[in-house]
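# here is the input, now give the coordinates:
(chains A and B)
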Amino acid sequence: MNKRAQRKKKRRIIPVPIASMGDIAFLLIIFFLVCSEVAKDKTNLQVTLPNSEYVEKTKASVAARVAIDAEGVIYFDGARVDSSKDVEWGVRAVLASTVSDEQRHVQFKCDAALPKETFEPVMKAIAEAGGILEAVGEKNQ
Amino acid sequence: MRKRDRSEKRHRTGEIPTGSFSDIAFLLIIYFLVATTLVKVKSITADLPSGEKSSQAQSDKTPTINLKDDVIMFNDKKVDLAELNARLAALDLAELEGSKRVILLESAKGTPYENYFQALAAISANGGVVALVEDDK
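Below you'll find the predicted structure:
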């Protein structure tokens, strides 16, 4: 009986195998690094987005990003451009290698207060180049 | 002196201490999770048809939206945003084919993007195809 009690005591000391915990954790880090998509919009623009009840989370992956800031300065994929013509050529160049409609989406971000004369030529340039407009906005609260 | 020798011997086993590896790794994971900003971009999709202005007169039946300052006109009648949406919904554009889905969007000089965007969003949400009307030069 005494021996039995001793055996029981020995069995209770079970070390938890934690040797592979580090491997698991590093695998998780690698998973996050591989799966995460780095934001390509480096302009960090101060833009007041327009509101609408119809905006939805963008599902399509965008081929290019066009933005106009509050001063009316146009950006194409983060780089400042001079006119809407530059946007058209830029979008044309990006879409040249595309094969389906899903790859034709072009994100368009514009300040809500800008007048038509500033943003409409850019929108037309995107359309002329064959891009599908993804106009960024905020949902009405 | 003897004690010192013993402790030195213990250190000479050659094993790399990996006990804290998991702690470091999990700290890194927590750092990534906390520092990551998930950007949720919300937008409306509009496939604007491109092309030259037709010399032929547009059919009178094509619905037209006019924007001037804060006023929205739908087929020359003043409407608000809710009414515009109701009228577009009544047209049942999603069920129509090709050019019948086209809605002309005309705007006066100085129209702010906010108003333009709202009209664009209403047309797209109701299955319409937006055709931008250019000013006569």
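
# up against chain A, what does chain B have?
Contact residues, chain B versus chain A (CB under 8 Å from any CB of the partner chain): B:18, B:21-22, B:24-26, B:28-29, B:32, B:36, B:39-50, B:107-114, B:116-118, B:120-122, B:124-125, B:132. Backbone N, C-alpha and C define where each C-beta goes, glycine included.

# only whichever of these are buried, select them in ChimeraX.
Buried residues within the residues of chain B next to chain A, by 16 or more other CB atoms under 10 Å in any protein chain shown, are selected in ChimeraX with:
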select /B:21,22,25,26,29,41,42,43,44,45,46,47,48,107,111,112,113,114,116,117,118,120,121,122,124,125,132
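
# so which of the residues of chain B next to chain A belong to helices?
B:21-22, B:24-26, B:28-29, B:32, B:113-114, B:116-118, B:120-122, B:124-125 (DSSP state H).

# separation between B:K100 and chain A?
Per CB to the nearest CB, to the nearest Å, B:K100 is found 20 Å from chain A.

# what about that residue, how many neighbours?
If you count neighbours by other CB atoms under 10 Å in any protein chain shown, B:K100 ends up with 14.

# so B:M73 versus chain A, what's the distance?
15 Å.

# excluding its backbone neighbours, what's nearest the residue in chain A positioned nearest to chain B?
Of all residues in chain A, A:A25 sits closest to chain B, at 3.1 Å by CB to the nearest CB. Nearest non-adjacent residue to A:A25, counting by CB to CB, 6 or more residues apart in numbering or on different chains: B:A25, 3.1 Å away.

# coming back round to it: using the three-state scheme, assign the residue of chain A closest to chain B.
Following DSSP: H, G, I helix; E, B strand; the rest coil, the label given to A:A25 is helix.

# for it, give me its contacts.
Contacts for A:A25 were tallied using CB atoms under 8 Å, 6 or more residues apart in numbering or on different chains; they are B:F21, B:S22, B:A25, B:F26, B:L28, B:I29.

# again, only using 7 Å
A:A25 makes contact with B:S22, B:A25, B:F26, B:I29, according to CB atoms under 7 Å, 6 or more residues apart in numbering or on different chains.

# how close does the residue of chain B found nearest chain A get to A:C35?
At 3.1 Å from chain A, B:A25 is the closest residue in chain B, using CB to the nearest CB. B:A25 sits at a distance of 17 Å from A:C35 (criterion: CB to CB, to the nearest Å).

# and chain A, which of its residues are near chain B?
A:18, A:21-22, A:25-26, A:28-29, A:32, A:39, A:50, A:52, A:54-58, A:107, A:110-117, A:119-120, A:123-124, A:127-128, A:132-139 (CB under 7 Å from any CB of the partner chain).
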